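>>> Sequence first, then the predicted structure:
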Amino acid sequence: MADSEHHAPQHSGEFSDADRIRDVKISFGSVWDQYGTWAVTVANLTIFFSLWELFARSGAVNPVFFPTASGMFSTLFEGLTARAPPDAIISGQIIDHLLYTLRTLTIGVLLACAIGIPGGLLMGGNRYVERILSPYVWGLASLPRIALVPLFILFMGFTVEMQVTIVTLAAMFPIMINAWAGVKTTEKSLIAAAKVFGANRRQIYSNVVLPFTLPFIIAGVQQGIGRGMVGVIIAEIFGGSSGLGFLIVRSADTFNSELMYAVLLLLVIISLSFIKITKMIEVYIAPWRQQQIM
């Protein structure tokens, strides 16, 4: 009876333990494909800042002009983890100026997108609007933004509105020009195929032109963020008492090189973060494009 129970046939739907085991092989190539980019980035940055630290400690350059990497990171950490007292007239903490700059930059870039994207699409889709607006667009796009700062200070004073206006103008034209170029370079064969299937003008624009233009718009937004970052720093340097641009000037006036380098590093991190966010957005709204996120 025991032997019969031991050798009883299994049901067809059951599997033995051996069948449940799967041979999973982890190769170096699969691990490298998944984590290789991060490993190279971490190793690269570690070597870079280690060499920085050694060179700064060697005394080859005056610490007033070139601080140690450890001192810079310490200043950055302290500035990001402490807020100024509520009754402080001017904050010396990085976090307060960072939030001020991010707010100004975000508002300016959003306004630039709200104006630049529809404006570029309209110019690309209507040749009469293009003829009227293109001279002004190219003229203002080629004008250095720093030349406009004194003018806007004269009209608006040292206000947040002045800084937001500078950021908006700096970011708007790359966004507008890229959207305009995207519409103009839409493949004619796609438009012809849509017409063959009976699509009207609105359907062609929404189902053919706009998806084709999305990568151009994202590229324009990326350029606009970079230009907007330059605009907000210029506006804060020349006409502000808050923000990372103002903090750079203040650290230079007080010969605080660790604070200056910390703010510059923070600006690089902010720019790269915004670019990564826009790439993630592009992957979401344009999944047909093979895009590798940083």
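Received it, and whenever you're ready, just let me know what you need. All values reported here derive from a predicted model rather than from experimental measurement. Numbers count the residues shown, from 1 in each chain.
>>> just checking, Val61 touches Phe55?
Yes: using CB atoms under 8 Å, Val61 is in contact with Phe55, at 7.5 Å. Glycine gets a C-beta too; all of them are placed from N, C-alpha and C.
>>> Those two: who's more crowded?
Taking neighbours as other CB atoms under 10 Å, Val61 and Phe55 compare with Phe55 leading, 14 against 11.
>>> and the helix or strand encompassing that one, what other elements does it pack with?
Counting by DSSP states H and E, the element that carries Phe55 is helix 28-57. Packed against helix 28-57 by the contact rule (3 or more CB pairs under 8 Å, 6 or more residues apart in numbering; DSSP states H and E) you find helix 69-81.
>>> can I get the CA coordinates of the helix it packs on in CSV?
Taking Å, rounded to 0.1, in the frame of the first residue of the first chain, the C-alpha atoms of helix 69-81 are listed here in CSV:
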residue,chain,number,x,y,z
ALA,A,69,36.2,69.4,-3.5
SER,A,70,35.4,68.3,0.1
GLY,A,71,35.1,71.9,1.2
MET,A,72,32.7,72.7,-1.7
PHE,A,73,30.5,69.6,-1.0
SER,A,74,30.5,70.5,2.7
THR,A,75,29.3,74.1,1.9
LEU,A,76,26.7,72.7,-0.5
PHE,A,77,25.4,70.3,2.1
GLU,A,78,25.2,72.9,4.8
GLY,A,79,23.5,75.4,2.4
LEU,A,80,20.9,72.9,1.3
THR,A,81,20.0,71.6,4.8
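>>> what comes up buried for that helix?
Neighbour counts over helix 69-81 (16 or more other CB atoms under 10 Å) mark Ala69, Gly71, Met72, Phe73, Thr75, Leu76, Gly79 as buried.
>>> swap in stretch 226-244?
For stretch 226-244, the neighbour count (16+ other CB under 10 Å) marks 226-240, 242-244 as buried.
>>> Check which helices and strands the helix or strand harbouring Leu266 is in contact with.
Assigned by DSSP H and E, Leu266 belongs to helix 257-285. On a contact count with 3+ CB pairs under 8 Å, 6+ apart, helix 257-285 meets helix 69-81, helix 94-125, helix 210-239, helix 244-253.
>>> Make a markdown table out of the ones you listed and add mean pLDDT and distance to Glu187.
A markdown table is the format used below for the helices and strands packed on helix 257-285 (pLDDT from 0 to 100; distance: least, CB to CB, whole Å):
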| stretch | mean pLDDT | distance to Glu187 |
| --- | --- | --- |
| helix 69-81 | 86 | 48 |
| helix 94-125 | 90 | 14 |
| helix 210-239 | 86 | 7 |
| helix 244-253 | 88 | 43 |
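>>> would you turn these into TSV with distance to Leu265?
Shown next, in TSV, are those (distance: least, CB to CB, whole Å):
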stretch	distance to Leu265
helix 69-81	7
helix 94-125	11
helix 210-239	14
helix 244-253	11
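>>> With Arg201 as the reference, name the closest of those.
Taking CB to CB, helix 94-125 is the member of those nearest to Arg201, at 9.0 Å.
>>> For the helix or strand following that closest one, enumerate the helices and strands it packs against.
Next in sequence after helix 94-125, counting helices and strands by DSSP H and E, comes helix 127-142. With contacts taken as 3+ CB pairs under 8 Å, 6+ apart, helix 127-142 sits against helix 94-125, helix 160-184.
>>> nearest to Ile248, of those?
Ranking the helices and strands packed on helix 127-142 by proximity to Ile248 (CB to CB) places helix 94-125 first, at 9.4 Å.
>>> Tell me the helices and strands packed up against that closest one.
helix 69-81, helix 127-142, helix 160-184, helix 210-239, helix 244-253, helix 257-285.
>>> and the third one, what's its mean pLDDT?
Helix 160-184 shows an average pLDDT of 89 in the prediction.
>>> In contact with the nearest residue to Leu259 once chain neighbours are set aside, which residues?
Closest residue to Leu259 apart from its sequence neighbours, by CB to CB, 6 or more residues apart in numbering: Ser251 at 4.0 Å. Ser251 makes contacts with Ser257, Leu259, Met260, Val263, as judged by CB atoms under 8 Å, 6 or more residues apart in numbering.
>>> Next one: Ser251 relative to Gly79, how far apart?
Distance, Ser251 to Gly79, using CB to CB, to the nearest Å: 10 Å.
>>> Need the overlap of contacts for the two.
Common neighbours of Ser251 and Gly79, counting by CB under 8 Å, 6+ apart, are Leu259.
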